[in-house]
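K.L.:
Sequence and predicted model, in that order:
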Amino acid sequence: MSWQVRLRMGGLLAVMALATSATAQTPAAPDGADLYKRTCAQCHDTGAGRAPNREQFRSMSPDRVLSAMETGSMVTMANNRTVAERRAIAEFLTGQTFATAISTVPRPGSMCTATQTPYSVDANPAWNGWGNGTSNTRFQTAEKAGLRAADVPKLRLKWAFAFPGDLQSYAQATVVNGRLFVGSWGGKVYALNAATGCTHWYYEAGSGVRSAVSVGSIQTAAGPRVAAFFGDGNAFVHAVDAATGAPLWKVRVDEFSTARISSSPTLYNGRLYVGVASGEEAQGAVPAYECCKFRGSLVALDAATGERVWKTYVVDEAKPTKKNAVGAQLWGPSGVPIWGTPAIDTVKNAVYVTTGNNYSDPGSPMSDAFVAIDMGSGKILWHQQMTAADAYTAACRLPDKTNCAESNGPDFDFGASPILVTTGGRRLLVAGQKSGIVHALDPDRDGAVVWQTRVGKGGTMGGVQWGSATDGTNVYVANSDIGRVMLTYSNSTDADPKQGGGMFALRLSDGERVWYTPPAGCGTRTRCSPAQSAAVSAIPGIAFSGSVDGHMRAYSSVDGKVVWDEDTIQVYEGVNGVLGRGGSIDGPGPVIANGIVYVNSGYPTAGGTPGNVLLAFSVDGK
């Protein structure tokens, strides 16, 4: 796999390619026949659910088949395939080729004009990384937001950027010194002009980048550089030059086959702290799979070189336990991924993470927990488990439960990052859980529980999914509680349009409810849910929350009244010359800086609506 960076210099498009090895080659084109056999034939060759057979596909155009996979009935089954793979399947089934080739690179006309101004991280405003700083508060001050609460109802679209060929927009943006950095499901990381959306450069990561980018200064052998750091779907951490996109280093932090990085690397004092998760929970659905061996961990890297400083596992190494009903050897304990972004405590010299569930029996003490780790040595200082015996894989929700652990846990892991905040002179660690409970712990008393407040009933995709925001007085919490409707023609699900949602403000000092705003309904919209799963963001007087129904809403922090409501499910002409579509809002929350609110739209997972745009809203609009 090669690294490629394209940037506009002196009005010309320059291409830089650096190979990760001397034998790096261009990836082979996807095999449509093989992809069909592995992912589609089970239904289409048997007529399950009145699925069209191979002969019927011969009478269709490849564009029609592709449309079914990207916006129609096959979205749920095809959303995890790349654009090249989807097109290969369509061409194989129809026996025809597309009239035009797909291009996933920015068009030359969308590139920014070259500038000689040195790039630095000193200028404000900024929203850096997932939580807008090392405390993960997801709060932007009035000065840096450049937006007053009274002006929020006036927001309108300024520009849209469409990710070519993607079906989801699942990586949150970072804004630093006039540049916006954002990853894509297609494996590219873009540096855009934060005001106009033109492209300064883009970088080929080689795998989907869900991680928010963290930007900071490092000292290299060649002198000081400003670097952009992010992780990818194959558990590589990348460092690139923030000015040009040129690669600085790339290291894999875990060799497990399905290891991945979902969180944003946290940069502090010359080190990166990176949580490692995995997709093994889904692999467990296969009865013959020897479930499970993955071990969640936190890794500390030297930000200048990528060299590992330490790696701390939050679960013991798996050992053979027993054999399942089909004779496959089972292993445990396992799992405990770290999905969220670490928070830094300079007082205790500690880094805090929240963890996921076990995948197999036996349960372990640091699953579904807050964990404190010494920044210098990687030693675990304390842990506080919120749900015990939570061993769960995808098999637990399917008819064939061969690899569902006997404990069959409720799947109440943490996807939300821990928030470190001070209120009334007291420090708190706060995070919501998929159980539907928001927890506040005392980091100065080894994680002693201060308060716990229920905001939802919880579930496998319920409760608090991706995180909350705090202004130091309240914590603003969105509830998912998304409902699932099993499809008759596969083991996949669509969203239930009648379940989920709601927005809460809890008093930070004691967890008491300040206000609650119920969710809006879906009406007749298809692939819709009122669930509010995406991370919340806040500025003085306003909390922003997106919904699986495709709406981004702004709530008054005083009484919860909706003061701005933008339906993002529509067609957009991207500033990069690519036609885009908005969809469900899930995963990343909005980013606010310098008078602009940046919103990701498009998330087909669990029955949501696909989309591929990053939207910028401001008071002045276009």
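P.N.:
Perfect, thanks for sending it. Residues are numbered from 1 along each chain as shown.
K.L.:
I'd like to know which elements the longest helix seen in the chain is packed against.
P.N.:
As assigned by DSSP state H, the longest helix anywhere in the chain is helix 83-94. For helix 83-94, the packing partners by 3 or more CB pairs under 8 Å, 6 or more residues apart in numbering; DSSP states H and E come out as helix 32-39, helix 54-57, helix 62-70. Where you see a C-beta, it was placed from the backbone N, CA and C, and this is true even at glycine.
K.L.:
In CSV, list the C-alpha atoms belonging to it.
P.N.:
The C-alpha trace of helix 83-94 is given here as CSV (Å, rounded to 0.1, in the frame of the first residue of the first chain):
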residue,chain,number,x,y,z
VAL,A,83,-17.3,2.3,-3.8
ALA,A,84,-15.0,0.1,-5.9
GLU,A,85,-16.5,-3.0,-4.5
ARG,A,86,-20.1,-1.9,-4.9
ARG,A,87,-19.4,-1.0,-8.6
ALA,A,88,-17.6,-4.4,-9.2
ILE,A,89,-20.7,-6.2,-7.9
ALA,A,90,-23.0,-4.1,-10.1
GLU,A,91,-20.9,-4.8,-13.2
PHE,A,92,-20.7,-8.5,-12.5
LEU,A,93,-24.5,-8.9,-12.0
THR,A,94,-25.5,-6.9,-15.0
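K.L.:
Quickly run through the sheet partners of the next helix or strand after it, with directions.
P.N.:
Later in the chain than helix 83-94, the nearest helix or strand by DSSP states H and E is strand 126-127. According to DSSP bridges, strand 126-127 forms sheet pairs with strand 174-176 (antiparallel).
K.L.:
Contacts only, for Ser556.
P.N.:
With contact set as CB atoms under 8 Å, 6 or more residues apart in numbering, Ser556 has these partners: 149, 541-542, 563.
K.L.:
Next, work out how far apart it and Tyr392 are.
P.N.:
Ser556 sits 38 Å away from Tyr392, going by CB to CB, to the nearest Å.
K.L.:
Could you do Leu93 as well?
P.N.:
Leu93 is 35 Å from Tyr392, by CB to CB.
K.L.:
the more surrounded of these two?
P.N.:
Just comparing Leu93 and Tyr392: by other CB atoms under 10 Å the higher neighbour count belongs to Tyr392, 26 against 21.
K.L.:
quick one: the more buried one and Gly284, what's the gap?
P.N.:
9 Å.
K.L.:
Please enumerate the shared neighbours of these two.
P.N.:
Jointly contacting Tyr392 and Gly284 under the rule CB under 8 Å, 6+ apart are 359, 404.
K.L.:
Check the offset of stretch 197-217 from the chain's centre.
P.N.:
Remark: stretch 197-217 is offset 14 Å from the chain centroid, using CA atoms, centre = their mean, to the nearest Å.
K.L.:
For it, measure first residue to last.
P.N.:
Terminal residues of stretch 197-217 are spaced 24 Å apart (CA to CA, to the nearest Å).
K.L.:
pLDDT of that stretch, averaged?
P.N.:
Per-residue pLDDT over stretch 197-217 has a mean of 96.
K.L.:
Which positions within that stretch qualify as buried?
P.N.:
Judged by neighbour count (16 or more other CB atoms under 10 Å), stretch 197-217 contains these buried residues: 197-217.
K.L.:
Quick one: mark the members of the residues you listed that sit in helices.
P.N.:
Residues of the buried residues of stretch 197-217 located in helices (DSSP H): none.
K.L.:
Identify those among those that sit within strands.
P.N.:
Under the assignment DSSP state E, the buried residues of stretch 197-217 contribute 199-204, 214-217 to strands.
K.L.:
Could you chop the chain up by domain?
P.N.:
Listed by automatic domain parsing, the domain ranges of the chain are 26-94, 126-618.
K.L.:
Contact partners for the closest residue in space to Gly187 that isn't next to it in sequence?
P.N.:
In space, and not counting its chain neighbours, Gly187 is closest to Ala205: 4.9 Å by CB to CB, 6 or more residues apart in numbering. Going by CB under 8 Å, 6+ apart, Ala205 touches 183, 187-189, 230, 232, 236, 238.
K.L.:
Is it possible to mark the buried ones in those residues?
P.N.:
Buried members of the contacts of Ala205, counted by 16+ other CB under 10 Å: 183, 187-189, 230, 232, 236, 238.
K.L.:
Tell me the one among those nearest to Asp31.
P.N.:
When the buried ones among the contacts of Ala205 are ranked by distance to Asp31 (CB to CB), Gly187 comes first, at 19.2 Å.
K.L.:
What does that closest one show for phi and psi?
P.N.:
Per-residue torsions, Gly187: phi 90, psi 10 (degrees, to the nearest 10).
K.L.:
where's it relative to Glu91, distance?
P.N.:
Separation of Gly187 from Glu91 (CB to CB): 22 Å.
K.L.:
got it, and Pro604?
P.N.:
Distance, Pro604 to Glu91, by CB to CB: 22 Å.
K.L.:
The two: who's more crowded?
P.N.:
Using other CB under 10 Å as the criterion, Pro604 and Glu91 rank with Pro604 on top: 24 against 17.
K.L.:
Thought Gln168 was touching the more buried one, still the case?
P.N.:
Yes: when contacts are counted by CB atoms under 8 Å, Pro604 is listed as touching Gln168 (5.9 Å).
K.L.:
No further queries at this time; thank you.
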